[in-house]
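Enquirer: Sharing a sequence plus its predicted fold:
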Amino acid sequence: MIPFGSRELRSRLLPGGGMAHPLRTAARRPLGGRPESSGGSRGVSPFGKGTGVMMQRRWSGVLCLVAAAGLAGSPAAWAQDKPIDSQLLALAQDKPAEKPAEKPAEPVSATPEQKPPEGQAATKTLKEKVDEAMSSSKVMMDTIWTLVAGMLVFFMALGFACVESGFCRAKNAVNILSKNFIVVGVSSIAFWLLGWGLMFGDGGWFAGTSGLFFVSGADSSPLNGAGGYEGVYGSINWSTTPLWTKFFFQLVFCATAATIVSGAVAERIKYSSFIVFTFIMGVLIYPVVGHWIWGGGWAQARGFADFAGSTQVHSIGGWAALAGVIMLGPRIGKYSAEGRVNPIPGHSMSLATIGCFVLWFGWFGFNPGSTMGVDPAAISEVAVTTMMAAAVGTVAATITCWCLMGKPDLGMTLNGSLAGLVAITAPCAFVSVESSVIIGAIAGVLVVLSVIFFDKVKIDDPVGAISVHLVNGIWGTLAVGLFATKDRIQGRTGNTATDAGLFSGGGAGQLMNQIYGILGTAVYVFIGTIVVWAVLKAVMGIRVKAEEEVQGLDLGEHGQEAYPGFQMQAK
Amino acid sequence: MKKVEAVIKPFKLDEVKNALSQVGVQGLTVSEVRGFGRQKGHKEQYRGAEYTVDLVPKVKIEVVVGDNAVAPVVEAITRAARTGEIGDGKIFVSALEGVIRIRTGEKGEAAV
């Protein structure tokens, strides 16, 4: 999702015409000199230092009070931002605000009453310009498309729930389903509370500083920059859709990133700790990186390009998942002392397959929807690059597994499709269909090798979330620097700091941009989430007790079974 | 009275049931069990790792018959359940101390 649209189309359809990109031309700052700490150790015992029950209850109480106080106090901060019809707002954009009197009046859907009297210059209030834009057919189509695409992305939450519970044991099904469900709720609240503002509010190279809380900043969507946008969410004003459409679309992306973590930490994480972690991800981790990549921050400024979120959604989720798995330790019985890997088969491959199909389907909102507007050529091509990468990834993973293991494992086949989808997410709008085939093929091979690798190094990932999302998130981001074509990447980002990829005659510049973005994300997210997990481990514990893990988290965490009376209990 | 327990391959259940009703058995109990004999288990794979499944699914049939019915029942089960491959199963015959029909309270042979 980055600024997108052909110039002719925009100038013909938009009031004011033209395409301007609010890209910040902030001076490039060097990547912060943060020392690479080693993060948390694997821990002596897989169960962490269990704090006593009373201590945990006291700390939970403190956390609740702090959260409540924060929520109660936020309307005060919220009230600082003025409503949208105030024209005295200081704009945080680099370019000076266009005064209405200087703009030639070329309204798309001018009604007789709104036509300026003959001989006089057109002066429209902001409200009039917004109302006019809202009734333009381009804005209408863009809005419908973006909203429906967002609904498809929301539907991916079902996909994750099915895949994860299918790949895990029945005795943990309620817990996994609960995690996937509550994550949507918690992420939505977090993103509304502060995430959106940090991500898209005008600000600096690191994070937004305007319109932070409750999406309350001034905004004159669907006007874009050239159309006389006035407001504090300049980095996303290239999309000619109303503010709530933009917010809705971005919110479902945030929810998607959070569910990635749930798969990797499944079958041994404490439900309460997971909820707290998800909230922190939604307010601090995801939006800050989002500001770098899509919100006008340093990565975007130097030409880093991630169309729909291989880094923003999948790598962030992947790094957080990796950090969580390292801090948690493997499931009981997964690895033997002699180094043998003990498979813990999932309880329903049918459910996993359903989930995978749902994810594939939802991705057609994820990728083509990231245009956040209707350019028929672009969304068509993006839909096909998405499709081909998934299809080829599926086949490549199947063949790889077949060769290595002797038989085609369905779990690997499913992961292959997801790997292809993750890998194409960044480059989907920047590469040709032929390139998407190569990207998907490599993704399919990568995911199989990665699953085997992580088991070898005793990183227990029940659903392959790290292999699918982190490894292929990085691969997809790099693929932009290899396969992007100049017309596509510059035309569909509006970012002149981008360039063609290595194989398209652009040299190594774009590849370096991608590497910087990957490294920056890795440092911030991995180290940041290691710290968060470590704090949670010390304060409230992150892993369930051994007896509970053996009995199944359904009974321990939720007091209920997914399939009551159907199975023999372990205890 | 004797109890005849037969552990057989699951797909043979219908054949054995039919054979038993042909020799006049009027009641039986079936349960799903797991086990192994000299057959051992088989190899499976999951996400790149191989493992051996030791306990193979089987079906256990329990029939209670009078002493003189044991031979034909055993012969019927054997004939129906045999495939000639490893894992055909086993039959256990044991003596029963008592049988009671719950509905009427009948005891002994009348309860079978």
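Expert: Perfect, I can see it now.
Enquirer: Residues of chain A that sit close to chain B?
Expert: Proximity of chain A to chain B, by Cβ under 8 Å from any Cβ of the partner chain, involves residues A:341-345, A:401, A:404-407, A:409, A:411-412, A:448, A:451-452, A:455, A:464. (Each C-beta comes from the backbone N, C-alpha and C, glycine too.)
Enquirer: mind listing which of the residues you listed are in helices?
Expert: Counting by DSSP state H, the residues of chain A next to chain B place A:401, A:404-405, A:411-412, A:448, A:451-452, A:455 in helices.
Enquirer: Buried only: go through the residues of chain A next to chain B for me.
Expert: For the residues of chain A next to chain B, a neighbour count by 16 or more other Cβ atoms under 10 Å in any protein chain shown gives the buried set as A:341, A:343-344, A:401, A:405, A:409, A:411-412, A:448, A:451-452, A:455, A:464.
Enquirer: And the pLDDT for the residue in the stretch 201-350 of chain A that chain B sits nearest to?
Expert: Nearest residue of the stretch 201-350 of chain A to chain B, counting by Cβ to the nearest Cβ: A:Pro343, 3.7 Å away. On pLDDT, A:Pro343 comes in at 93.
Enquirer: Which residue would be the closest one in the stretch 401-550 of chain A to chain B?
Expert: Nearest to chain B in the stretch 401-550 of chain A, going by Cβ to the nearest Cβ, is A:Ile452, at a distance of 4.3 Å.
Enquirer: Can you report how many residues neighbour the nearest residue to that residue once chain neighbours are set aside?
Expert: The shortest distance from A:Ile452 to any non-neighbouring residue, by Cβ to Cβ, 6 or more residues apart in numbering or on different chains, is to B:Gly48 (4.3 Å). Neighbour count of B:Gly48, defined by other Cβ atoms under 10 Å in any protein chain shown: 23.
Enquirer: close enough to count as contact, B:Gly48 and A:Cys403?
Expert: No - the criterion here is Cβ atoms under 8 Å, and B:Gly48 misses it with A:Cys403 at 11.9 Å.
Enquirer: pretty sure A:Gly541 contacts A:Tyr271?
Expert: No - if you go by Cβ under 8 Å, A:Gly541 and A:Tyr271 don't touch, sitting 11.5 Å apart.
Enquirer: higher neighbour count, the two?
Expert: Taking other Cβ under 10 Å, A:Gly541 and A:Tyr271 do not tie; A:Gly541 has more neighbours (20 against 15).
Enquirer: I'd like the distance between the more buried one and A:Gly333.
Expert: Between A:Gly541 and A:Gly333 the computed distance is 21 Å (Cβ to Cβ, to the nearest Å).
Enquirer: Across the sheet, point out what pairs with B:Met29.
Expert: Residue B:29: Thr, not Met. Note on B:Thr29: beta-bridge partners by DSSP bridges are B:Glu62.
Enquirer: Who are the contact partners of it?
Expert: For B:Thr29, the contacting residues are B:61-63, by Cβ atoms under 8 Å, 6 or more residues apart in numbering or on different chains.
Enquirer: Hmm, B:Gly98 is touching B:Glu109, no?
Expert: No - using Cβ under 8 Å, B:Gly98 is not in contact with B:Glu109, being 10.9 Å away.
Enquirer: Compare neighbour counts for the two and give me the winner.
Expert: Counted by other Cβ under 10 Å, B:Gly98 and B:Glu109 do not tie: B:Glu109 has more neighbours, with 11 against 8.
Enquirer: Once you drop chain neighbours, what's closest to the residue in chain B that chain A sits nearest to?
Expert: Nearest residue of chain B to chain A, counting by Cβ to the nearest Cβ: B:Tyr46, 3.7 Å away. Of all residues not flanking B:Tyr46 in the chain, A:Pro343 sits nearest, at 3.7 Å (Cβ to Cβ, 6+ apart).
Enquirer: ok, back up a step: need the contact list for the residue of chain B closest to chain A.
Expert: When contacts are counted by Cβ under 8 Å, 6+ apart, B:Tyr46 touches A:343-345, A:409, A:411.
Enquirer: Return the per-residue confidence for it.
Expert: 90.
Enquirer: Quick check: bridge partners of it?
Expert: B:Tyr46 has these beta-bridge partners by DSSP bridges: B:Ala49.
Enquirer: Need the three-state assignment for B:Glu44.
Expert: strand (DSSP: H, G, I helix; E, B strand; the rest coil).
Enquirer: Wasn't B:Lys58 part of a strand?
Expert: Yes - according to three-state DSSP, B:Lys58 belongs to a strand.
Enquirer: which ones are touching the residue nearest the centre of chain A?
Expert: For chain A, the residue nearest the mean C-alpha position is A:Val313 (2.6 Å; Cα atoms, centre = their mean). Residues near A:Val313 by Cβ under 8 Å, 6+ apart: A:253, A:256-257, A:260, A:425, A:473.
Enquirer: Just the pLDDT at it, thanks.
Expert: pLDDT, read off for A:Val313, is 97.
Enquirer: What separation is there between it and A:Leu470?
Expert: 11 Å.
Enquirer: before we move on, what about A:Lys537?
Expert: Distance from A:Lys537 to A:Leu470, by Cβ to Cβ: 21 Å.
Enquirer: Can you list the buried residues in the longest helix seen in chain B?
Expert: If you go by DSSP H, chain B has its longest helix at helix B:70-81. Of the residues in helix B:70-81, B:70, B:73-74, B:76-78, B:80-81 count as buried by neighbour count, 16+ other Cβ under 10 Å.
Enquirer: for stretch A:179-193, same thing?
Expert: Of the residues in stretch A:179-193, A:179-180, A:182-184, A:186-193 count as buried by neighbour count, 16+ other Cβ under 10 Å.
Enquirer: Just put those residues in CSV and tack on pLDDT and secondary structure.
Expert: Below are the buried residues of stretch A:179-193 laid out as CSV (pLDDT from 0 to 100; DSSP: H, G, I helix; E, B strand; the rest coil):
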residue, pLDDT, secondary structure
A:Lys179, 97, helix
A:Asn180, 97, helix
A:Ile182, 97, helix
A:Val183, 97, helix
A:Val184, 97, helix
A:Val186, 98, helix
A:Ser187, 97, helix
A:Ser188, 97, helix
A:Ile189, 98, helix
A:Ala190, 98, helix
A:Phe191, 97, helix
A:Trp192, 97, helix
A:Leu193, 97, helix
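Enquirer: Which of those sits closest to A:Leu152?
Expert: A:Val184 (14.3 Å; Cβ to Cβ).
Enquirer: Of A:Lys537 and A:Leu470, which one has the most company?
Expert: A:Leu470 (28 against 21).
Enquirer: Quick check: that one touching A:Thr311?
Expert: No - at 10.2 Å, A:Leu470 does not count as touching A:Thr311 under the criterion of Cβ under 8 Å.
Enquirer: and B:Val4, that one's in a strand?
Expert: Yes - B:Val4 forms part of a strand when assessed by three-state DSSP.
Enquirer: who's in contact with the residue nearest to it when sequence neighbours are not counted?
Expert: Leaving aside its sequence neighbours, B:Val4 sits nearest to B:Val63 (Cβ to Cβ, 6+ apart; 4.8 Å). Neighbouring residues of B:Val63 by Cβ under 8 Å, 6+ apart: B:3-6, B:20, B:25, B:27-29, B:73.
Enquirer: quick one: which of those residues is most hemmed in?
Expert: Neighbour counts for these peak at B:Ala6, which has 25 neighbours (criterion: other Cβ under 10 Å).
Enquirer: where does it land on pLDDT?
Expert: B:Ala6 carries a pLDDT value of 98.
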